[in-house]
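> Model the following, please.
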Amino acid sequence: MAASLGATLAWHGETFAAIARSWRERRESYPQGVASGDPDDTSVLLWTRRPFAAGTRHDLTVEVARDSDFRSIVAATRTPVLAESDWTTRVLVAGLRPRTVYWYRFTDDEGNGSRIGRTITAPRTDDDAPVRFAFVSCQSVNEGAQNAYRRMIWEDQHSPRDQQLGFVLHLGDFIYEVVEYPDEIAHRYDRTVFDIGRVPDARKVGNFHVPTTLDGYRMVYRAHIDDPDIQDARAHFPFVCIGDNHEFSWQGWQSFVNFTGKNEPAQALRVAANQAWWEYIPARVRKASGAGLDRFDPPAVVTTPITSFDAAGFGDEPNNAKAIDSMIAHRAVRYGRHVEILLTDHHSYAMEDPTGRPGAEDFTIKDFPFLFSEDALRTLDAGKAANDGRPAETIAFDGKQIANFRRDEPPFTALGTQQKAWLKSRLTRSTATWKIWGATNGTLDMRADPQNLPAGLTRPWLSSGFATFGGGDFSAALHERADIYDTVRDAAVDGFVIVSGDRHSFWAGYAAKALPPARFEPVGIAFITGSLSAPGLAEALEHGLKNHPLRPVYTIERPDGRKEATLNLTLKHGVRSALEYARSGDIARARALSNPDNAPHVEFVDMAGHGYSVVTAGARRIDTEFVCVPRPITRATTPDGGPIRYRVVHSAERWKPGARPQLTTTIVEGDAALSI
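Numbers count the residues shown, from 1 in each chain. You can find the predicted model right below:
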């Protein structure tokens, strides 16, 4: 197993007693600290980075102990750090006890030691104890503070052992490859732009500098892990990670980047992004260079145009496949009797988003910012499968018939053929109580009812039905999502749960392939966690649409300067509720105008939420707790990470296959009135 991961093996019982006597902590020699990842019931991956000024290879000793003082060392071994791996190393420690806390440290030949890390192995698959883990996404050290991690660590340290977290599930955007320089732009929105260094050989796109080489990505990883709260979290918890879009390119897909509205081939850049992820994130992922290597050993690719696509929309230029397959990250993580997590990659195999294609702009009108016709989205997403395989040549919108440029193309996929087949197979075969899909993109529809806007506010809505917020995440992959949910229904999969990130907002609701006026049939429950620190749509809206007649549907600023995200009400209750609250400030009157057909799938939504989420999964019940912190503009000065905006728990009793799941929401502390 260690060979397949490109890791050194440390086996329980192997020790080097002399190391313990000579060890002395020198954190400056290990500037990115330590980390552990992907624990199972007998092993865990350990990581550090120890740069050297000379040479191409040095060796470290890693020690693992049952206590933080290292009086009871259970394993030790030698492991190489290589210049060609940016001085990083991975060690698989095996032969460990299940559900056990261990401590670890690295030491060089002069006795200079890393900080001490803490990790936890997984329970056995027959362990009936409840599982407790956090899920997070979207950490931008360039524009925010990671106070949520400080809060998470503080609460974990002050909790009874049986209520502490087993691991942190990171659902992507571990880095933001779009880097701003404070001497060029000091602030964005109300945010201070923090100096995280200069990206070597960067390409400038607007106010952002993006990597063009492996060294560029490596620098961005180092800059993020240099953040003390990220580094402390990695030293305190084992992480289970999957990448999203910013680990490669903000609007990238397959081996394309898109900075100016035009797709550009970037096969070599995709390989560089994968290599940097592999070097800095300890995870049980597959790399093309195979087993037995302590380095990534990237495949040679040529950046060349990708001009043709197969029946699933995958670019069939050979370098495209070679670049993407340089690292395959989707995988399953089993944690005790009750939890199996299925992690999927939503960008490496994805087709181009139809709503970003030339021609899609005909379905957007400035009178209705951010809104996209749901009817048009459904037709474009399905491609040649629309209307039971009889796609229309045109789509009605704004009193016109607009060409259906997708009528001869396959349905949109974010997962790709093989990965989707893997996901469906694992869902139907899993024996865990809760089958938890770690989908990096949100799956819950972002929906509004502009057809119910009062007359005279703006022109009438331009389509026959509801509006969505366009593409960009899995909620817009209507055809593919329906296929997965139909599999869950037809195979009578029980305990189906989705946890997601990327949307920079908190959501709780039901997994359903269609909404009214179609039949609403939930097959599971779904959650989206707020960003750790990256700004979201509600924050951006506070600075936009200043004179637009529909601004109250999105945001409102009270006379005392208080800003409120009326967008929450639009998404859950509809435009009339949002407008009433904007006018009166009376939440009860606003809810009385709720449109029950707009979002029966949503129990909670906060587009202005930052923080993290905690899942507790037992034999009969699952709870998901949203821990929302204030907008993380500055670093908290207290050990607990600062105050909490709200703490909300969503609970579901285990339901039988074919039955409808039911969520109950409890506001434990704080104010979340606009979210329910």
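
> and the gap between the spatially most central residue of the chain and residue 486?
Residue closest to the average C-alpha location in the chain (Cα atoms, centre = their mean): residue 171, at 2.9 Å. Residue 171 sits 24 Å away from residue 486, going by Cβ to Cβ, to the nearest Å. Using the backbone N, CA and C atoms, a C-beta is placed for each residue, glycine as well.

> got it, and residue 62?
Taking Cβ to Cβ, one finds residue 62 at 47 Å from residue 486.

> higher neighbour count, the two?
Per other Cβ atoms under 10 Å, whichever of residue 62 and residue 486 has more neighbours is residue 62, with 26 against 14.

> need the contact list for that one.
8, 10, 46, 76-77, 79, 91, 93, 104-107 (Cβ atoms under 8 Å, 6 or more residues apart in numbering).

> nearest to residue 451, of those?
residue 46 (55.9 Å; Cβ to Cβ).

> those helices in the stretch 251-400 of the chain, which residues are they?
Shown for the stretch 251-400 of the chain, the helices assigned by DSSP state H, counting those that start in this stretch span residues 267-280, 318-324, 374-382, 386-389.

> which of the ones you listed is buried the deepest?
helix 267-280 (a mean of 26; mean count of other Cβ atoms under 10 Å).

> name the helices or strands packed onto that helix?
Packing contacts for helix 267-280, counted by 3 or more Cβ pairs under 8 Å, 6 or more residues apart in numbering; DSSP states H and E, involve helix 214-225, helix 318-324, strand 327-328.

> Residue 157 and residue 69, how far apart?
17 Å.

> hang on, I meant residue 305
From residue 305 to residue 69 the distance is 59 Å (Cβ to Cβ).

> Which secondary structure element of this protein has the lowest mean pLDDT?
helix 17-22 (a mean of 56; mean pLDDT, DSSP states H and E).

> immediately after that one, which helix or strand?
strand 24-25 (DSSP states H and E).

> Need phi/psi at residue 568.
Note on residue 568: its backbone torsions stand at phi -60, psi -40 [degrees, to the nearest 10].

> And the helices in the stretch 551-676 of the chain?
Using DSSP H, counting those that start in this stretch, the helices assigned to the stretch 551-676 of the chain run over residues 551-554, 567-572, 575-584, 587-592.

> May I see those organised as TSV, with distance to residue 417, mean neighbour count and mean pLDDT added?
Converted to TSV, the helices of the stretch 551-676 of the chain look like this (distance: least, Cβ to Cβ, whole Å; neighbours: other Cβ atoms under 10 Å; pLDDT from 0 to 100):
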stretch	distance to residue 417	mean neighbour count	mean pLDDT
helix 551-554	38	23	97
helix 567-572	32	27	98
helix 575-584	39	22	98
helix 587-592	44	15	98
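
> Quick check: which of those helices is nearest to residue 328?
When those are ranked by proximity to residue 328 (Cβ to Cβ), helix 567-572 comes first, at 34.9 Å.

> Check which helices and strands that closest one is in contact with.
Using 3+ Cβ pairs under 8 Å, 6+ apart as the test, helix 567-572 ends up in contact with strand 447-448, helix 537-541, helix 551-554, helix 575-584, strand 602-606.

> and the third one, how far out from the chain's middle?
A distance of 27 Å separates the C-alpha centroid of helix 551-554 from that of its chain, computed with Cα atoms, centre = their mean, to the nearest Å.

> Which residues does it contact?
So helix 551-554 is contacted by 369-370, 448, 453, 541, 545, 565-567, 570, 575, 578-579, 582-583 (Cβ under 8 Å, 6+ apart).

> Over to the shortest one?
Strand 447-448 is contacted from outside by 371, 374, 466-469, 515, 553, 570-571, 574-575, 598-599, using Cβ under 8 Å, 6+ apart.

> Just the closest of those to residue 386, please.
So of the contacts of strand 447-448, ranked by how close each gets to residue 386 (Cβ to Cβ), first place is residue 374, at 13.4 Å.

> wait, is residue 231 part of a strand?
No - counting by DSSP: H, G, I helix; E, B strand; the rest coil, residue 231 is not found in a strand; it is helix.

> show me the contacts for residue 45.
Per Cβ under 8 Å, 6+ apart, neighbours of residue 45: 5, 7, 36-38, 90-93, 282-284.
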